[in-house]
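S.K.: Sequence below, structure please.
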Amino acid sequence: MRYRVWDGPVRLFHWLIVAIVLAQWASAEWNLLSMDWHFRLGYVMLGLVIWRVLWGFFGSENARFAHFVRGPGAVARYAPTVFERRPDAMAGHNPLGGWSVVALLAVLLVQAGSGLFSSDDIFRFGPLAGRVSADMVDAMTDLHEGLTNGLLALIALHLAAIGWHLVWKRENLITAMITGRRAFDLDPGLRFAGWLRALTLGAVSGGIVWAIVSWGQAG
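M.R.: Now for the predicted structure:
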């Protein structure tokens, strides 16, 4: 039987992040989008990451950090099972996957946050660039540009893990993130938060980003 394992808001967040990261990388590397759009999409990304952090405390059961962030002991016990040729059958992230989610969110948050202070020293300045010293702007710009490689490495690791689960463990994680359902012997009985809560937290996240950008531009 296929049971519900991912809520709609988490799935929407996931695919929006995929689209925005691709668009941001293309705009920075290939100039396919103007830098105005690079900034706008950066604001959206920041809002989405803030939303996911809030959802990690107030969202659906298996989307909460308390559900999938495990200590060293749990990670050590799970690690050998990576090589077992069978699905994990876990209703959410496994202990290693949980930490990869935390790492990706942290890098995305720093990447989007540093962009607020970044500048090309000619025409484009982040909304908070005028609130800090020139040295800080230079440091944040270097961080924003340099962290791209770290983000790409984490994405590559994420894709490799998905491929490993698909080929070796016979577990299609992509389909689950599209449909929200996975095969289990028994219903995992997860509790899911609704769209009203998701939209409310989305409004809070958007308000936070709007306040930050507005404060910076008013300086």
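S.K.: Now do the strands in this protein.
M.R.: 2-4, 181-183 (DSSP state E).
S.K.: Compile these into CSV and extend it with columns for mean pLDDT and distance to residue 56.
M.R.: Glycine gets a C-beta too; all of them are placed from N, C-alpha and C. Shown next, in CSV, are the strands of the chain (pLDDT from 0 to 100; distance: least, C-beta to C-beta, whole Å):
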stretch, mean pLDDT, distance to residue 56
strand 2-4, 92, 19
strand 181-183, 92, 20
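S.K.: Mean neighbour count, the ones you listed: which tops it?
M.R.: Mean neighbour counts were taken over these using mean count of other C-beta atoms under 10 Å, and the top value, a mean of 17, falls to strand 181-183.
S.K.: Low-confidence regions, the protein specifically.
M.R.: Low-confidence segments of the chain (pLDDT under 70): 121-122, 219.
S.K.: what's the longest helix in it?
M.R.: helix 134-167 (DSSP state H).
S.K.: Against residue 55, how distant is the residue lying closest to residue 108 once chain neighbours are set aside?
M.R.: Nearest residue to residue 108 in three dimensions, chain neighbours excluded: residue 49, at 5.0 Å (C-beta to C-beta, 6 or more residues apart in numbering). Counting by C-beta to C-beta, to the nearest Å, the separation of residue 49 from residue 55 is 10 Å.
S.K.: Which other helices and strands does the longest helix of the chain contact?
M.R.: helix 8-29, helix 95-115, helix 173-179 (3 or more C-beta pairs under 8 Å, 6 or more residues apart in numbering; DSSP states H and E).
S.K.: of the ones you listed, which approaches residue 139 most closely?
M.R.: With C-beta to C-beta as the measure, helix 95-115 is the member of the helices and strands packed on helix 134-167 nearest residue 139 (8.8 Å).
S.K.: Show me which positions of the closest one end up buried.
M.R.: 95-98, 101, 104-105, 107-115 (16 or more other C-beta atoms under 10 Å).
S.K.: one step back: for the residue nearest to residue 108, the count of nearby residues, please.
M.R.: Per other C-beta atoms under 10 Å, the neighbour tally for residue 49 reads 24.
S.K.: Kindly report the same for the one 10 residues further on.
M.R.: By other C-beta under 10 Å, 24 other residues sit near residue 59.
S.K.: need the contact list for the residue nearest to it when sequence neighbours are not counted.
M.R.: Excluding its sequence neighbours, the residue lying closest to residue 59 (C-beta to C-beta, 6+ apart) is residue 193, at 5.0 Å. Counting by C-beta atoms under 8 Å, 6 or more residues apart in numbering, residue 193 touches 7, 9, 55, 58-60, 63.
S.K.: What is the neighbour count of the closest residue to residue 166 other than its chain neighbours?
M.R.: Nearest residue to residue 166, sequence neighbours excluded (C-beta to C-beta, 6+ apart): residue 172, at 5.8 Å. By other C-beta under 10 Å, the residues close to residue 172 number 16.
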